[in-house]
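Participant: Pasting a predicted model and its sequence here:
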Amino acid sequence: MSKALTVMDLRALKGVRQISFVQVAREEEAIAASEAGMDMIGTAFIPERAHFARAVPQTHFQFGLPWGKHAEATEALRDAMAAMNAGAQSIYCGMSPAIVEVLAREGVPVICHVGLVPPKATWTGGFKAVGKSAEQALHLLQEVKDFENAGGFAVEMEVIPARVAAEISKRTSMLTISLGSGGDCDAQYLFSADLLGENRGHFPRHAKAYRNFAGERDRLQAERVAAYREYISEVNVGTFPEASHVVEIDETALQDFLKQAERA
């Protein structure tokens, strides 16, 4: 069994090889990703997922602090430490460098976030690429530098022009994690729901579906309906239950029961 990559191991891979990273929502996804050899697995640090890290001890696990839950650094630090105690080796925090600094000062390895940050997308014009102008690109570089100075060890770069992301990656000691920001970052990151083809409707341009779980779920749903209809039909005509589905009683015991039942 392979050992989970530590933060030191991951940092040593910068410029050496690409790191694979997936965001999961179910324990079985985490287990499958680990069995497949994924370098990093992440999920939100919420009560129903707090046990995920323990299920995949051989893979680097990252818990994400839900954006908007914490009003200040002490709250974020408390949750970050709880997440580390639950088995995480790193923490995602989408808050400011000031908050990241507090976490990093206590030894919490923090993954920061720049570019299209969904809860803050109104500041960058909505759900679209960030960094397509020289001014925006320079602002991104400064944000990355601010997070680096705050002590973050990695930064998620979401939907940034690939050449901008490549240049920023050269100019920071942090690991750069690409979500739609090209192949020259240090890690590639996808959501399991996209990777497995679970979603219907809009599909992110930066994502790739390697399976069609939505179609498989449609097929399984149709099979459920068909099975229920067959069951109802057999109940209605009396062909269920069959002899193999019931428990018999010895004839002598049955007759004894009937005699005593008559006197009851």
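Facilitator: Yep, that arrived.

Participant: Which of the three states applies to Gln114?
Facilitator: Not quite, residue 114 is Val, not Gln. Val114 carries the three-state label strand when classified by DSSP: H, G, I helix; E, B strand; the rest coil.

Participant: Do I have it right that Pro119 meets Lys69?
Facilitator: No - contact status for Pro119 versus Lys69: not in contact, 10.9 Å apart, counting by Cβ atoms under 8 Å. Placement of C-beta: from N, CA and C, glycine included.

Participant: Any stretches of the stretch 1-150 of the chain with poor pLDDT?
Facilitator: Scanning the stretch 1-150 of the chain for pLDDT under 70 picks out the ranges 1.

Participant: Tell me the buried residues in stretch 198-207?
Facilitator: For stretch 198-207, a neighbour-count test (16 or more other Cβ atoms under 10 Å) marks Glu198, His206 as buried.

Participant: So what's the gap between the helix or strand Gln136 falls within and the chain middle?
Facilitator: According to DSSP states H and E, Gln136 maps onto helix 134-150. Using Cα atoms, centre = their mean, to the nearest Å, the mean C-alpha position of helix 134-150 is found 26 Å from that of the whole chain.

Participant: Give the next helix or strand downstream of that helix.
Facilitator: strand 154-158.

Participant: Quick check: longest helix in this structure by residues?
Facilitator: Counting residues, the longest helix in the chain under DSSP state H turns out to be helix 213-237.

Participant: Quick one: mean pLDDT for the helix or strand following it?
Facilitator: Read in the C-terminal direction, the helix or strand following helix 213-237 is helix 251-263, with elements assigned using DSSP H and E. Taken as a whole, helix 251-263 has an average pLDDT of 94.

Participant: who touches helix 251-263?
Facilitator: By Cβ atoms under 8 Å, 6 or more residues apart in numbering, the list of residues contacting helix 251-263 from outside reads Ile249.

Participant: May I have that helix as CSV, with CA atoms only?
Facilitator: The C-alpha atoms that make up helix 251-263 are tabulated as CSV, following Å, rounded to 0.1, in the frame of the first residue of the first chain:
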residue,chain,number,x,y,z
GLU,A,251,-47.4,-31.2,9.3
THR,A,252,-47.6,-32.7,12.8
ALA,A,253,-46.8,-29.4,14.4
LEU,A,254,-49.4,-27.7,12.2
GLN,A,255,-52.2,-30.2,13.2
ASP,A,256,-51.2,-29.8,16.8
PHE,A,257,-51.5,-26.0,16.4
LEU,A,258,-54.9,-26.3,14.8
LYS,A,259,-56.3,-28.5,17.6
GLN,A,260,-55.1,-26.1,20.2
ALA,A,261,-56.3,-23.1,18.2
GLU,A,262,-59.8,-24.6,18.2
ARG,A,263,-59.8,-24.6,22.0
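
Participant: ok, and for it, which residues are buried?
Facilitator: In helix 251-263, no residue is buried by neighbour count (16+ other Cβ under 10 Å).

Participant: ok now that helix, how far from the chain's centre?
Facilitator: In terms of Cα atoms, centre = their mean, the centre of helix 251-263 is found 62 Å from the chain centre.
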